[in-house]
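Asker: Structure of the sequence below:
(one chain, ligands or ions: 3)
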Amino acid sequence: MSGSGTVIARVSLPRPVRQFFHYRIPDRLRESAVPGVRVSVPFGRRRETGLIEALVAASEAPGVKLRDLHRVLDAEPVLGDELLELCRWVADYYVAPPGLVFRAALPPGLLGAASYEPEESRRQVIEIVRELPTLTERERAFGRARRQREAYETLESIGGRAEVAHMERRLGFGRGILAGLADRGLVRISLETVDRDPFAEQDPGDPPIELNARQQQVLAGLSDLARQPEPGVAVLRGVTGSGKTVVYIRLMRDVMERGRGAILLVPEISLTPQTVSRVRAEFGDEVAVLHSGLSDGERRDAWSALRTGRKRVVVGTRSAIFAPVRDPGVIIVDEEHDGSYKQGETPRYNARSVAVVRAGLSGALCVLGSATPSLESWALARAGRWTALQLPERATPHPLPEVRVVDLREEEGPPPRILSAKLRDALAERLERGEQSLLLLNRRGHSTWVSCESCGWIAVCRSCNVSLTWHRRRGRLVCHHCAHEEPSRETCPECGSPTLTYSGVGTEQVERHLVEVYPDARIARMDVDTTGRKWSHRDILDSVRRGEVDILLGTQMISKGLDLPGVTLVGVIDADVGLNLPDFRASERTFQLLSQVAGRAGRGQRPGEVLVQTARPSHFAIQRALVHDYGGFAERELADRQEPGYPPHLRLANLVISGRDDESVEAAALALGDWLEGLVAARPELATTRLLGPAPCPIDRLRGRWRWHLLIKQPDAGALGAILRFTSSHAPVPSGVRLEIDRDPESLL
Ligand code: ADP
Ligand code: ZN
Ligand code: ZN
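Answerer: Ligands and ions are numbered 1, 2, ... in the order given. Below you'll find the predicted structure:
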């Protein structure tokens, strides 16, 4: 039957294997079985849903008895030629199973296991109806009802309004406690319709703005490029508040007037509500917003609206790079340096790199915008391979804020020294003047380190080699890497003595400290613990914007893209949190974080001030951030990475070997190291490869698995790809041990 002239279907199934599966096409399906449609196929004794990746000659699957396709599920391909090609590139470059790439590119439920959320649009909401501004009132209101007070203060810290289910399930306050608050007349519990599309009723967008000279120049440059047959990539470096978003929107408009579509990627929708609503205000019904708050059904609706051409613009997070926008003329990646563009699980793609490739496939201009571009992008722009454009000044009346450093080593008094005298005074000044302050600490919980003074015991996770964080309000010790948590302890489990010490300050502790120091201040906290509910970010930010919050405290969440004109002071509690991580991006991440958070100050009518607390004031990442000197930072950091051989000088892959038994993991890692050395030595064209390790990962045990890793460095991207693909198919990996390949890793932990 399958003579050499016959055409068969090469099918991809959503399984963690890098191979394709071949099927015969029965005559009745000849017409409909085309690349990009989903098909139902026999697999073992079951039926599975797969995707026809290509039609190939039967000779591609010689000597195999092929089975028939069972059914074709789509009248039109769900992935057009361009997106198929893009997915093939992702699978090839990141050495990922193609079926998992296709699944990631499609809306949930189209390939493989469907994951439907229950559609629930009416929920119980609890809301504060009586504020207790002073400590005295608080004491009077609660008396000895400690848990009620905790519940009330938790609710306050998350913006005064939350779903009852969130308070109960995530924060651990029972129905009785919440009902008690209602009885006291402090809160109201009601059934409310939760709005489905919170961006639908956002602000009306930018008033018509006259672009300044610099912005006009940049826009003209970008528009010119977008008209070229091969526009390439432009890196737009613009300081915070320079008007990058204004320029993006004009550029998208320009491209759409020529009949093409547009894609705008943002790091995290909930953290960039303003960008989204501005795009929404400009393009109205033509824009689809793809964000994590959508139900599967809404996501599929948005996806088909783009596929059929009813909508021509998408704004969304990482996976929106696969959105079926027709004929995109521009693909913009906002805050292109952001780590959230990298997917942390297979397929481990970086949406920024995928954007560059997709733009190339569709003849679109790719714009990578940031105040602090990634060094990878910056190096290519500097070398002239990509176009470099700059907006060096703020568009608003005030220049970038003045940044000053506070040397924590000079602070007096017993630890924990959370607020230096300078920061305390600066906060008090703002409170007096009725201005708002932002405080950053990139560490949540109360204390990040619990140990016994008598015997040296340390509270660590039973599945991960990391210390547990004490969450005081919830009375739990929590692992921030897995789901594990346990009750707090009064005494040491090893020696029984009551000498436990709590150190390492987190946001929860800062919040308590602030309440003590400024009893009359209205304080809100924004971190993972207070933003479990879908729109709690927005609720917190809204109350800040309405002037109902004096001090907003939070993790890196508060550093991104926010335009809060009332904020005149930004304080960084501890700039060294990320600086001390054993990771080659530690300096870069610190510089980015400080620059971003400093950019939140003084965006309104009044000038801003930034205070950075650190015990390493002379570190260049901090020094350069103080003077807003990206160029100087990049130069030094590029030089520092030259010798150890890190990106962008060399291309990097992190191979992680993990398993439940530590000895077999170690043995497998050593064997893989030897095997790779043999491979590289046997091929002269790979002589420039550098192998590092194997060695235990900085976090050498995670979710019950022991972990070793090995770094491969290569000057040539093609050669690295060849090594990785060969390794993935041929390297010895014993059963019980897993090998994960992370190409262009964002972190080596
Ligand atoms: P970025 O995206 O670079 O942070 P935005 O586009 O958000 O900058 O602009 C920052 C602020 O400056 C916004 O409030 C915006 O409306 C305002 N703005 C930008 N360009 C101009 C301009 N040419 N004239 C007046 N205001 C401007
Ligand atoms: Zn002890
Ligand atoms: Zn853990």
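Asker: residues in contact with stretch 105-112?
Answerer: Under the contact criterion Cβ atoms under 8 Å, 6 or more residues apart in numbering, stretch 105-112 has outside partners 14, 38, 49-51, 78-79, 83, 86-87, 90, 99, 102-103, 114-116, 296, 299-300, 303, 319, 322. (Glycine included, C-beta is placed from N, CA and C.)
Asker: Would you mark the buried spots in that stretch?
Answerer: Neighbour-count burial for stretch 105-112 flags Ala105, Leu106, Pro107, Pro108, Leu110, Leu111, Gly112 (criterion: 16 or more other Cβ atoms under 10 Å).
Asker: next one: stretch 700-708
Answerer: Asp700, Arg701, Leu702, Arg705, Trp706, Arg707, Trp708.
Asker: Spell out the secondary structure type for the second one.
Answerer: Assigned by DSSP: H, G, I helix; E, B strand; the rest coil, the conformation of Arg701 is strand.
Asker: Distance of it relative to Cys461?
Answerer: 9 Å (Cβ to Cβ, to the nearest Å).
Asker: circling back to that earlier point, identify those among the buried residues of stretch 105-112 that sit within helices.
Answerer: Counting by DSSP state H, these place Ala105 in helices.
Asker: Rebuild the buried residues of stretch 105-112 as TSV, extending it with pLDDT and distance to ligand 1.
Answerer: Below are the buried residues of stretch 105-112 laid out as TSV (pLDDT from 0 to 100; distance: Cβ to the nearest ligand atom, whole Å):
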residue	pLDDT	distance to ligand 1
Ala105	94	28
Leu106	93	31
Pro107	89	29
Pro108	83	31
Leu110	86	34
Leu111	84	36
Gly112	65	38
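Asker: Closest to Arg489 out of the buried residues of stretch 105-112?
Answerer: Pro108 (41.0 Å; Cβ to Cβ).
Asker: Contact partners for Ser463?
Answerer: Cys479, Cys482, His484, Arg701, Leu702, Arg703, Gly704.
Asker: nope, Ile332 is what I meant
Answerer: Tyr248, Leu251, Met252, Ala262, Ile263, Leu264, Leu265, Cys366, Val367, Gly369.
Asker: out of these, which are buried?
Answerer: So, by 16+ other Cβ under 10 Å, the buried ones in the contacts of Ile332 are Tyr248, Leu251, Met252, Ala262, Ile263, Leu264, Leu265, Cys366, Val367, Gly369.
Asker: Could you tell me how many residues sit around Asp583?
Answerer: 16 (other Cβ atoms under 10 Å).
Asker: how far away is it from Asp327?
Answerer: Applying Cβ to Cβ to Asp583 and Asp327 gives a distance of 40 Å.
Asker: near ligand 1, which residues of the chain?
Answerer: Contacts of the chain with ligand 1, taken as Cβ under 6 Å from any ligand atom, map to 206, 209-212, 215, 238, 240-246, 395-396, 563.
Asker: closest to Leu431 among the contacts of Ser463?
Answerer: Nearest to Leu431 among those is Cys479, at 36.2 Å by Cβ to Cβ.
Asker: Name all residues that make contact with that closest one.
Answerer: Cys461, Ser463, Cys464, Val466, Leu468, Thr469, Glu485.
Asker: quick check, Ile126 in a strand?
Answerer: Yes. Looking at Ile126 with three-state DSSP, it is inside a strand.
Asker: what is it paired to in the beta sheet?
Answerer: When bridges are called by DSSP bridges, Ile126 pairs up with Ala162, Ile189.
Asker: Ramachandran coordinates for the closest residue to ligand 2 within the stretch 1-150 of the chain?
Answerer: Using Cβ to the ion, the single residue of the stretch 1-150 of the chain nearest to ligand 2 is Arg146, 28.0 Å away. Taking degrees, to the nearest 10, you get phi -60, psi -50 for the backbone angles of Arg146.
Asker: Quick one: residues contacting it.
Answerer: Counted by Cβ under 8 Å, 6+ apart, Arg146 has zero contacts.
Asker: Do you know the pLDDT at it?
Answerer: pLDDT, Arg146: 87.
Asker: Would you mind measuring from it to Gly160?
Answerer: 20 Å.
Asker: Ala104 now?
Answerer: Taking Cβ to Cβ, one finds Ala104 at 37 Å from Gly160.
Asker: Extract the C-alpha trace of stretch 244-260 and format it as CSV.
Answerer: The C-alpha coordinates for stretch 244-260 follow below in CSV (Å, rounded to 0.1, in the frame of the first residue of the first chain):
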residue,chain,number,x,y,z
LYS,A,244,7.9,54.5,25.3
THR,A,245,4.2,53.4,25.6
VAL,A,246,3.1,56.5,23.8
VAL,A,247,5.5,55.6,21.0
TYR,A,248,4.4,52.0,20.9
ILE,A,249,0.8,52.9,20.5
ARG,A,250,1.5,55.4,17.7
LEU,A,251,3.6,52.8,15.9
MET,A,252,0.9,50.2,16.2
ARG,A,253,-1.7,52.6,14.8
ASP,A,254,0.6,53.4,11.9
VAL,A,255,1.1,49.7,11.1
MET,A,256,-2.6,49.0,11.3
GLU,A,257,-3.4,51.8,9.0
ARG,A,258,-1.4,49.9,6.4
GLY,A,259,-3.7,46.9,7.0
ARG,A,260,-1.4,44.8,9.1
